[in-house]
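Participant: mind folding the following:
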Amino acid sequence: MRAEAGPLAARAGGILHIDLDAIAANYRRLAREAGAAACGAAIKADAYGLGMDRVAPVLAREGADPFFVATIDEGLALRHVLTEAGFPHAGIQVLNGLPPDTGETLLAHGLTPVLNSLADIDAWRARARERDEKLPAALHVDTGMSRLGLPDDETARLIREPERLKGIGLTAVMSHLACADEPDHAENSAQLARFRTAAQRLPAGPRSLANSSGVFLGRAYHFDLVRPGAALYGINPTPGRPSPVRPVVRLRGRVLQVRQIDRYRGVGYGSTYRASRPTRVATVGVGYGDGYPIAVSNRGVAVAAGRRVPVAGRVSMDSLTLDITDIPHDSLAPGDFVDLLDDTHDVDALAAEAGTIGYEILTGLGARLHRSYHGGDG
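Facilitator: Have a look, this model is predicted:
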């Protein structure tokens, strides 16, 4: 199991606790919000860094279907996981399209390509003609993200030439919202209008627009299928408001050393932190090599002995340092743990300190961290 892939907890510099029951509860919350729409699950990037092998069976037991991955290799890994867990026929859709010479691999493992261009469509239709059977695929039309999906001119051409889809059974007609985490952004309603216009003129198939934040934009955005990802893993899909989902991870760092330094003494590379008084410093065995962002140098916080303490100095590859002067002297010693992520200082809070987003924090948490899973029993 993934928890055994890294160093043992007894000697790990950091322990990442992953609450599988919270992931299940988050799925149920999103499914309720989606109402009559089906609720799939994005599980790309190894379930946002938390371990596809442990997360996917939990979501499958909750009823998630289809699953969305970015690449064919992710799809192959997921198919193995789901088959071993007793869900061999769960839908898996591959978002990054149809790379050359991958058709037989997709079909052999029951993976559904998401077609992002007329070239993808033509190639998949040719494959269907060769096999003399109807092949499943999702169709992605771009409505404003300008990343993947048929651009406006190709969508218009497909509407004029629907015969291009002959031999293709549409499992979904989808688009992706660019600004759903900003509910008042004008682009949301603009994309909704563009998607409705395109969807009304394209062949039948389940319609899908909403990502995690889109689920909370209202029923108009739900269509037939919603595709949450980040919210499943505890990232707030409604920034600026209380999170409707539960935190999933807790990151604890082991204290390696505690020292007293004099006033004006520097801490860390570049001596970017200088003590303004006699100061106690705790060195913790987690650094940017473990995914703890260097950008929080001199600005992040941790929780030690129940109190918030500041990151002091530059985060190193293998460690970080904390100013623990204001906690009792006997409350922290080598071998103890501090919380770098917890319910009071979650992924979104750390991301804000680092000037990034929770997605990057989660997917960057490194292999040296010992992973401890809780709940999610089948």
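Participant: tell me the secondary structure for P136?
Facilitator: With DSSP: H, G, I helix; E, B strand; the rest coil as the basis, P136 sits in strand.
Participant: any idea how many residues pack against it?
Facilitator: Using other CB atoms under 10 Å, P136 has 20 other residues around it. Any C-beta I mention is one placed from the backbone N, CA and C, and that applies to glycine too.
Participant: G270 too?
Facilitator: So G270, with other CB under 10 Å, has 10 neighbours.
Participant: now do it, the pLDDT please.
Facilitator: G270 is assigned 93 on the pLDDT scale.
Participant: ditto for A3
Facilitator: 40.
Participant: repeat for the one 3 residues further on
Facilitator: Predicted confidence (pLDDT) at G6: the value is 50.
Participant: ok, now R164?
Facilitator: For R164, pLDDT reads 95.
Participant: give the bridge partners for the closest residue to Y264 other than its chain neighbours, please.
Facilitator: Spatial nearest neighbour of Y264, excluding adjacent residues (CB to CB, 6 or more residues apart in numbering): R274 at 5.8 Å. When bridges are called by DSSP bridges, R274 pairs up with G266.
Participant: residues near R274, how many?
Facilitator: 14.
Participant: likewise for the one 10 residues further on?
Facilitator: By the criterion of other CB under 10 Å, V284 has 27 neighbours.
Participant: I'd say I15 and S372 touch.
Facilitator: Yes. Look at I15 against S372 with CB atoms under 8 Å: they come within range, at 5.8 Å.
Participant: give me the common contacts of those two.
Facilitator: A9 (CB atoms under 8 Å, 6 or more residues apart in numbering).
Participant: so between these two, which is more surrounded?
Facilitator: A count of neighbours by other CB under 10 Å puts I15 above the other of I15 and S372, at 20 against 15.
Participant: which SS class is the more buried one?
Facilitator: strand.
Participant: helices of the chain, start to end?
Facilitator: 20-34, 44-48, 52-62, 72-84, 103-108, 118-131, 152-160, 186-201, 212-215, 347-354, 358-364 (DSSP state H).
Participant: can you give me the angle the third one makes with helix 72-84?
Facilitator: What it means is helix 52-62. Helix 52-62 runs at 60 degrees relative to helix 72-84, counting by axes from the mean of the first three to the mean of the last three CA atoms, to 10 degrees.
Participant: returning to that earlier point: and the helices of the chain as JSON lines, adding mean neighbour count?
Facilitator: Compiled in JSON lines, these are given as follows (neighbours: other CB atoms under 10 Å):
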{"stretch": "helix 20-34", "mean neighbour count": "20"}
{"stretch": "helix 44-48", "mean neighbour count": "22"}
{"stretch": "helix 52-62", "mean neighbour count": "22"}
{"stretch": "helix 72-84", "mean neighbour count": "19"}
{"stretch": "helix 103-108", "mean neighbour count": "15"}
{"stretch": "helix 118-131", "mean neighbour count": "17"}
{"stretch": "helix 152-160", "mean neighbour count": "15"}
{"stretch": "helix 186-201", "mean neighbour count": "17"}
{"stretch": "helix 212-215", "mean neighbour count": "26"}
{"stretch": "helix 347-354", "mean neighbour count": "19"}
{"stretch": "helix 358-364", "mean neighbour count": "20"}
